[in-house]
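Below: sequence and its predicted model.
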Amino acid sequence: MIEELINNLTEKLEKHYIFLDVAKKIKDILTHKENIKKYGNIKDPEVLATELTTHIQKISNDKHLAVLWFEKKIPDSKRSLLKNKEKLEEMKLIASQNAFGVYKLERLAGNVGYIDIRYFFDTNWGSKETLSFAMNYLANTDYIIFDLRNCKGGNPHTVTFVSSFLFDEEPVHLNSIYCREEEKTEEFWTVNVKGTLLPDTPIYVLTSGTTFSGGEEFAYNLQALNRATIIGERTAGGAHPGSPFKIHDHFEIFIPRGRAINPITETNWEGCGVTPDIETPADEALTHCHKTILEDVIKNTDGKRGRPYQKLLTEAKEALSGIEKKEDEMKDEIKTWIFQANPKKYRILDAIADDALDCWRVTRYKNKIKKGHNAIIWMSGKNAGIYAIMKIDSDPYIIETDGEKDEYALSLEYPSKMVAADLSMVKDLSDKPLLKAEIQDDPVLSELDIFKFSQATNFKITEEQWRVVCGMVGRF
């Protein structure tokens, strides 16, 4: 089975991947007998898919390249699975069940519009009506925040559609995509949309380290055109749109078939991500952004006469005061952190059992995590939950690994240098973990940041949430 799988995988890559030379390199490496043997020894199909993904991404430096395993048999198709009627109908259903990517739409204090977009679903699937409604709702506000911190991508035509509301009638060249198979470059210009155009409305875009693909394009295009202020974290770095292909009854591969070329920068965000104009941890980005806007609202409204302006001024001042009060309360409150491990990439339970978990990689909050703070070890996946309570024994520092893997690491890719903090065990909960379902039932813990930005590895936890955790696992 493994030889057939890899042969199908490399055949699809050579035919469709944007970089033919890289496709040939992947083929040479994967079809080597040692790799065939290594992958043949992996019995868990999900682990096999993860390992193949890690390997081909390491060779290509392309985060869009991914092998996926499905328990249900994948429909037969020699072309892109997006051309398969059964698969297409399934994806259209997913789109409608997820409100075509619009997870939240509201007016914030200060007459600030807010929209949380998780995916830019194809406009041919019905998203155009939902997105038009959302944009026309936002037209009534004085500022707009696009929250893309959990956006995983989408269709470039849909990115263009939403962006078109933010400019006037004069067409604007947003992006271009080159396709190797067709040997052509498609240009993406703003299009005519039904509703109010918003060329003068201040735009803010929130990003995280997991904002990907189409979400990154939206931010990158607007930033290049000086049309938006980007706030949050550097994005994931995937600029190669593509399609899924079947490579076995239960395996498919997503293959990038195009390469974005911005008309202003003449490059893209592949591998480097979108750098925010204002860098801040993702879970603080909305508060930071709203505070910045409220200060602007107050500055522009103060002194204006008339009841509507006075009402708006009062609302903005009260909201700003509430944010500042909460910030003051939080300054000395955060002394506990959640460190998350993916069991597909790290044998966290074995590390705990062997008493070998003596340090942790720090990504976010390296300037806030301190010696003496508490660490909650969280395992993601089907059995997600809290598996240990630990003490942080050092301030974060740089570790030189020279690429030598931790023995519990499953991923083929390992950094040569990283920031980490030392740990010591306080309470091992691996025999009786506090599972996600029980945690989410608690009204205080249901607000944990890990439930909002689940792809990160470091999360802060308030003193109140820490007390609840202590009560649930028992004092130690």
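Happy to help now that I have it. Numbers count the residues shown, from 1 in each chain.

residue ranges of the strands in the stretch 51-200 of the chain, please?
66-69, 102-108, 112-117, 143-147, 173-179, 184-189 (DSSP state E, counting those that start in this stretch).

got CSV for the ones you listed, with mean neighbour count, distance to Glu270 and mean pLDDT too?
Just so you know, the C-beta spots here come from the backbone N, C-alpha and C atoms, and that holds for glycine as well. As requested, these are exported to CSV (neighbours: other C-beta atoms under 10 Å; distance: least, C-beta to C-beta, whole Å; pLDDT from 0 to 100):
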stretch, mean neighbour count, distance to Glu270, mean pLDDT
strand 66-69, 19, 15, 93
strand 102-108, 15, 26, 97
strand 112-117, 23, 21, 98
strand 143-147, 24, 22, 98
strand 173-179, 19, 12, 97
strand 184-189, 13, 16, 96
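
can you redo these as JSON lines with distance to Glu438?
Listed next are those as JSON lines, based on distance: least, C-beta to C-beta, whole Å:
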{"stretch": "strand 66-69", "distance to Glu438": "29"}
{"stretch": "strand 102-108", "distance to Glu438": "25"}
{"stretch": "strand 112-117", "distance to Glu438": "27"}
{"stretch": "strand 143-147", "distance to Glu438": "29"}
{"stretch": "strand 173-179", "distance to Glu438": "45"}
{"stretch": "strand 184-189", "distance to Glu438": "47"}
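
how about those, which one is nearest Ala388?
Across those, Ala388 has its closest neighbour in strand 66-69 (29.0 Å, C-beta to C-beta).

just to revisit the earlier point, go through the strands of the stretch 51-200 of the chain and name the closest to Lys33.
Relative to Lys33, the nearest member of the strands of the stretch 51-200 of the chain by C-beta to C-beta is strand 66-69, separated by 19.9 Å.

how far does the closest one sit from the chain's center?
18 Å (C-alpha atoms, centre = their mean, to the nearest Å).

What is it packed up against?
Strand 66-69 is packed against helix 45-60, strand 251-256, with contacts defined by 3 or more C-beta pairs under 8 Å, 6 or more residues apart in numbering; DSSP states H and E.

want to throw these into CSV with mean pLDDT?
Converted to CSV, those look like this (pLDDT from 0 to 100):
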stretch, mean pLDDT
helix 45-60, 91
strand 251-256, 94
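
Highest mean neighbour count out of the ones you listed?
For the helices and strands packed on strand 66-69, ranked by mean neighbour count under the definition mean count of other C-beta atoms under 10 Å, the leader is strand 251-256 at a mean of 23.

Helices along the stretch 1-150 of the chain, start to end?
Remark: helices of the stretch 1-150 of the chain, listed N- to C-terminal, are 2-16, 20-30, 33-40, 45-60, 85-97, 127-138; assignment by DSSP state H, counting those that start in this stretch.

do the same with the stretch 151-300 of the chain
Using DSSP H, counting those that start in this stretch, the helices of the stretch 151-300 of the chain run over 156-163, 214-224, 282-301.

closest one to Leu148 among those helices?
With C-beta to C-beta, the closest approach to Leu148 among these belongs to helix 214-224: 4.2 Å.

which outside residues touch that closest one?
Among residues not part of helix 214-224, those counted as contacts by C-beta atoms under 8 Å, 6 or more residues apart in numbering are 117, 119-120, 146, 148, 151-156, 158-159, 162-163, 166, 174-175, 203, 205, 207, 211, 228, 230, 235-239, 241, 260, 262, 264-265, 268-269, 273-274, 277.

Quick check: Ile26 touching Lys12?
No. Counting by C-beta atoms under 8 Å, Ile26 stays clear of Lys12, with 10.8 Å between them.

Out of those two, name the residue with the larger neighbour count.
Each of Ile26 and Lys12 has its neighbours counted (other C-beta atoms under 10 Å); Ile26 has more, 23 against 19.

and the more buried one, what is it in contact with?
The neighbours of Ile26, taking C-beta under 8 Å, 6+ apart as the test, are 10, 13, 56, 59-60.

run the last query once more with 10 Å
If a contact means C-beta atoms under 10 Å, 6 or more residues apart in numbering, then Ile26 has 6, 9-10, 13-14, 17, 19, 55-56, 59-60, 62, 65 as its contacts.
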